[in-house]
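S.K.: sequence unknown, structure follows:
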């Protein structure tokens, strides 16, 4: 008996969906008796391939569930959401969010004041005018403002318009990549499980562009295009510094493969992008470490970016608990460290070993990234952790995908409620739902 048989060229077509499972097994050398005793068929959905993994005594019924389109064994609600359905869900969330917020006030005024947008626009002004009015500029990295300035110049639009447009388009691109890499269920849950994602996608933020670059790098690495993967990961690092973890993970994987020539090449690409990034920052600000000096202000009494696991988060959470932070905000903040720890533990469980065996760089990235922020020392980490975790949520959900309910009614209801909550986070709960929480 074979341990596994791969149908590498079997496309997902309607005709394929109606194949007789026993005839397919016989084509690969299985007799009807073997087929009854062999085991179950596990789907390897990535890149359109299917793998037959012989593990349990329920091969025939499970195989028919996967291949029998429209049968009673495969209800419509269990089929993986298509890319079109996920994008339609995202568009619905955009629409609900805009409808709920624009009823209360103007969109552009709110976008200009939203979160870090004013900092990015300030840096974009420095780049556009090639003059820094003050050495005490924001700690944020300049990759996103560089793109804002470029798009603003190319299309003759205002920097704020470019910022919002980039964030919306990058969020769509990130959803497409997540669907391609991890499937429809993960992509559908990702877009609504954290309502701050919709706030960032609609009102603007660096996270969508960062995710687009990082997951584009992962897709390139899966296709063995390491140079492109390194380029995208290096560009992601100019948007958010934690992108360096992706470059490090690629280096680790290539070292394990003893592919030292490729390792030298991707290292050179990373250093070249770093030099191109630092040069204008150094010229304008007088130091290449302006962002580092700015981030030190966030570390407070620690004076270092890292402490023991959950040390910074716990002190921030307790400050909110003894302060005036509302109970629902504290509850929301408390959920995410639990999900983060559960996700990285699940990645390395034996049950997920085969799932992540071919994507070790992604597994390592999710682990390092999550551990970094679990040990981070930001003074408001409890409130910020939910946003910091967004870039690795698809990987954590992929590790926990067995727990995702396969019911579209729950997905669409969750997406609708999440869109309303994202609006409530901007214009207050009562303005959206008509009542206040105690």
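M.R.: Arrived safely. All values derive from a computational prediction rather than experimental measurement.

S.K.: what sits against residue 309?
M.R.: 371, 374, 375 (Cβ atoms under 8 Å, 6 or more residues apart in numbering). (Each C-beta comes from the backbone N, C-alpha and C, glycine too.)

S.K.: neighbour-wise, which of those leads?
M.R.: Most neighbours among these, by other Cβ atoms under 10 Å: residue 374, with 23 neighbours.

S.K.: ok, it - contacts?
M.R.: 309, 310, 313, 337, 340, 341.

S.K.: in this structure, which spans are strands?
M.R.: Taking DSSP state E, the strands of the chain run over residues 4-7, 50-53.

S.K.: on that earlier part again, possible to save the contacts of residue 309 as JSON lines with distance to residue 263 and pLDDT?
M.R.: Converted to JSON lines, the contacts of residue 309 look like this (distance: Cβ to Cβ, whole Å; pLDDT from 0 to 100):
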{"residue": "371", "distance to residue 263": "24", "pLDDT": "97"}
{"residue": "374", "distance to residue 263": "29", "pLDDT": "95"}
{"residue": "375", "distance to residue 263": "27", "pLDDT": "93"}
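
S.K.: could I get those as a markdown table with distance to residue 220?
M.R.: A markdown table is the format used below for those (distance: Cβ to Cβ, whole Å):
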| residue | distance to residue 220 |
| --- | --- |
| 371 | 25 |
| 374 | 28 |
| 375 | 29 |
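
S.K.: and the residues you listed, which is closest to residue 332?
M.R.: residue 374 (17.3 Å; Cβ to Cβ).

S.K.: low-confidence ranges in the stretch 1-150 of the chain?
M.R.: 1-78, 134-138 (pLDDT under 70).

S.K.: apply 90 and report the result again.
M.R.: 1-79, 105, 115, 131-140 (pLDDT under 90).

S.K.: among the contacts of residue 374, name the buried ones.
M.R.: Among the contacts of residue 374, the ones that count as buried by 16 or more other Cβ atoms under 10 Å are 310, 313, 337, 340, 341.

S.K.: tally of neighbours for residue 210?
M.R.: Neighbour tally, residue 210, other Cβ under 10 Å: 25.

S.K.: if you could redo that for residue 384, that was the one I meant.
M.R.: Neighbours around residue 384, by other Cβ under 10 Å: 18.

S.K.: need the contact list for it.
M.R.: residue 378.

S.K.: from residue 231, how far out is it?
M.R.: According to Cβ to Cβ, to the nearest Å, residue 384 stands 29 Å off from residue 231.

S.K.: helices of the stretch 101-250 of the chain, start to end?
M.R.: Ranges of helices within the stretch 101-250 of the chain are 107-113, 117-129, 143-155, 159-182, 184-193, 196-203, 207-222, 226-239, 244-256, based on DSSP state H, counting those that start in this stretch.

S.K.: would you format the ones you listed as CSV with distance to residue 401 included?
M.R.: Listed next are the helices of the stretch 101-250 of the chain as CSV, based on distance: least, Cβ to Cβ, whole Å:
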stretch, distance to residue 401
helix 107-113, 34
helix 117-129, 33
helix 143-155, 30
helix 159-182, 8
helix 184-193, 6
helix 196-203, 18
helix 207-222, 16
helix 226-239, 24
helix 244-256, 21
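
S.K.: and of the ones you listed, who's closest to residue 325?
M.R.: Closest among the helices of the stretch 101-250 of the chain, using Cβ to Cβ: helix 196-203, at 16.2 Å.

S.K.: which elements pack onto the closest one?
M.R.: With contacts taken as 3 or more Cβ pairs under 8 Å, 6 or more residues apart in numbering; DSSP states H and E, helix 196-203 sits against helix 83-102, helix 159-182, helix 184-193, helix 207-222, helix 381-388, helix 408-427.

S.K.: out of the buried ones among the contacts of residue 374, which comes closest to residue 188?
M.R.: residue 340 (20.3 Å).

S.K.: the closest one contacts residue 391, correct?
M.R.: No - using Cβ atoms under 8 Å as the test, residue 340 is too far from residue 391 to be in contact (11.9 Å).

S.K.: next, count neighbours for residue 283.
M.R.: 11.

S.K.: thinking again about what came up before, among the buried ones among the contacts of residue 374, which two are most distant?
M.R.: Of all the pairs that the buried ones among the contacts of residue 374 form, the one spanning the most space (Cβ to Cβ) is 313 and 341, at 11.2 Å.

S.K.: helices or strands up against the biggest helix by length in the chain?
M.R.: Counting residues, the longest helix found in the chain (DSSP state H) is helix 260-285. For helix 260-285, the elements it packs on are helix 117-129, helix 226-239, helix 244-256, judged by 3+ Cβ pairs under 8 Å, 6+ apart.

S.K.: just those helices: most buried one?
M.R.: helix 226-239 (a mean of 24; mean count of other Cβ atoms under 10 Å).

S.K.: other residues contacting that one?
M.R.: For helix 226-239, with Cβ under 8 Å, 6+ apart as the criterion, the contacting residues are 141-144, 146, 206, 209-210, 213-214, 216-218, 220-221, 243-244, 246-247, 250, 254, 262, 265-266, 269-270, 272-274, 277.

S.K.: buried subset of the residues you listed?
M.R.: 141-144, 146, 206, 209-210, 213-214, 216-218, 220-221, 243-244, 246-247, 250, 254, 262, 266, 269-270, 273-274, 277.

S.K.: now for the nearest residue to residue 295 once chain neighbours are set aside: which residues touch it?
M.R.: Once flanking residues are discounted, residue 295 sits nearest to residue 139: 4.6 Å by Cβ to Cβ, 6 or more residues apart in numbering. Neighbour list for residue 139: 290, 291, 292, 293, 294, 295, 297, 298 [criterion: Cβ under 8 Å, 6+ apart].
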